[in-house]
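Enquirer: need the 3D shape of this:
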Amino acid sequence: MIQLLTSAIAFGTIIMFGAMGEILIEKAGNLNLGIPGIMYLGGIGGLIASFFYELNGGTNPFVGILLSILCCMACAAVGGLIYAFLTITLRANQNVTGLTLTIFGGGVANFLGGSLNTIAGGVGQISVPITSAGFRWYAQTFAGENWFMRIFLQRGFMAFLAIVMALVLYYFMNRTRTGLNLRAVGENPGTADAAGINVTKYKYVANIVGAGISGLGGLFYTMDYIKGTWANDGTIEGLGWLAVALVIFASWRYLRVLFGSYLFGLVYWAYLYIPGLNRSTLELFKMLPYVVTLVVLIAVSLRKKRENQPPASLGLPYFREER
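Expert: Prediction:
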């Protein structure tokens, strides 16, 4: 049970980062299905920075962590910029662009990961022990006999960073003028434009910053969960799609993401702890997070409450001359 909860926190944190970035993007009216690819870019970007830092004699874990985070967010933000340029400036189809970005991001990340393996001397030889240990530092000794705290503190500082970031984004979106302007852009860009809000600027910034936040999910998986190496087993992509599903589950609300991400993380691993499952039943249990999302989506649709619906202009290109 303890191992299940620890794994749920780990995967829940990855999903949370991805979902938080996607909510910010969707609140601006853009549907970015490229989140899995952006998480790939963030993960490989952070790993490359720490790898070459330690390869060239770097020994300070704080510097390694800082370089990893900056490079992760920069690479993920580039993915967001590409998506924004295609969908906002060129008005390309958002669904197709997002899916293409997922394929592109995964391909680039696995190519670069393979190149790092070659430089390191073979598959599985990538080693960033100093930076990875910094990411995985935990304060378990301060938890005393509290079993809940001992479980949670087995994860690195990014698990706490995700919670803080969700609370900050909630405040930003609901209590600041900039956040309210962003929501107005997502609901009705024509009205927002008429009110003097720079729609293009808000959309670009939301896409770039949101992508940077989502990229942190890939970094957490790479540097914390698999301890500073690269794996092209498709786990990041699967968790990226769960992040997109979590946005719907949470009804585009940051506080619900806190609960939903850990629930998804728990459901993701629950099948391993159910005795007597055969292979076919096992595959059915792996579908649980997506089944839960479908149930929530149906329930929300039936209740038809406006506060549980997506932004009104989500997925629609904005043509200023038509307002």
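Enquirer: contact partners for residue 156?
Expert: Contact analysis of residue 156 by Cβ atoms under 8 Å, 6 or more residues apart in numbering lists 135, 136, 137, 138, 220, 224. Backbone N, C-alpha and C define where each C-beta goes, glycine included.
Enquirer: so which of these are in helices?
Expert: Here DSSP state H is the test, and the contacts of residue 156 give 135, 220 as lying in helices.
Enquirer: so which of the contacts of residue 156 is the closest to residue 206?
Expert: residue 220 (21.9 Å; Cβ to Cβ).
Enquirer: how about the nearest residue to that closest one, chain neighbours excluded?
Expert: residue 158 (4.8 Å; Cβ to Cβ, 6 or more residues apart in numbering).
Enquirer: circling back to that earlier point, what about the contacts of residue 156, which one has the most neighbours?
Expert: In terms of neighbour count, residue 220 stands highest of the contacts of residue 156 at 30 neighbours, by other Cβ atoms under 10 Å.
Enquirer: so that residue sits against residue 11, correct?
Expert: No. Using Cβ atoms under 8 Å, residue 220 makes no contact with residue 11, being 9.7 Å away.
Enquirer: now the contacts of residue 156 in JSON lines, with pLDDT and distance to residue 297?
Expert: Converted to JSON lines, those look like this (pLDDT from 0 to 100; distance: Cβ to Cβ, whole Å):
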{"residue": "135", "pLDDT": "89", "distance to residue 297": "34"}
{"residue": "136", "pLDDT": "80", "distance to residue 297": "36"}
{"residue": "137", "pLDDT": "75", "distance to residue 297": "39"}
{"residue": "138", "pLDDT": "60", "distance to residue 297": "36"}
{"residue": "220", "pLDDT": "95", "distance to residue 297": "27"}
{"residue": "224", "pLDDT": "90", "distance to residue 297": "31"}
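Enquirer: the contacts of residue 156 into JSON lines, with extra columns for distance to residue 165?
Expert: What follows is the contacts of residue 156, written out as JSON lines (distance: Cβ to Cβ, whole Å):
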{"residue": "135", "distance to residue 165": "16"}
{"residue": "136", "distance to residue 165": "19"}
{"residue": "137", "distance to residue 165": "19"}
{"residue": "138", "distance to residue 165": "19"}
{"residue": "220", "distance to residue 165": "12"}
{"residue": "224", "distance to residue 165": "15"}
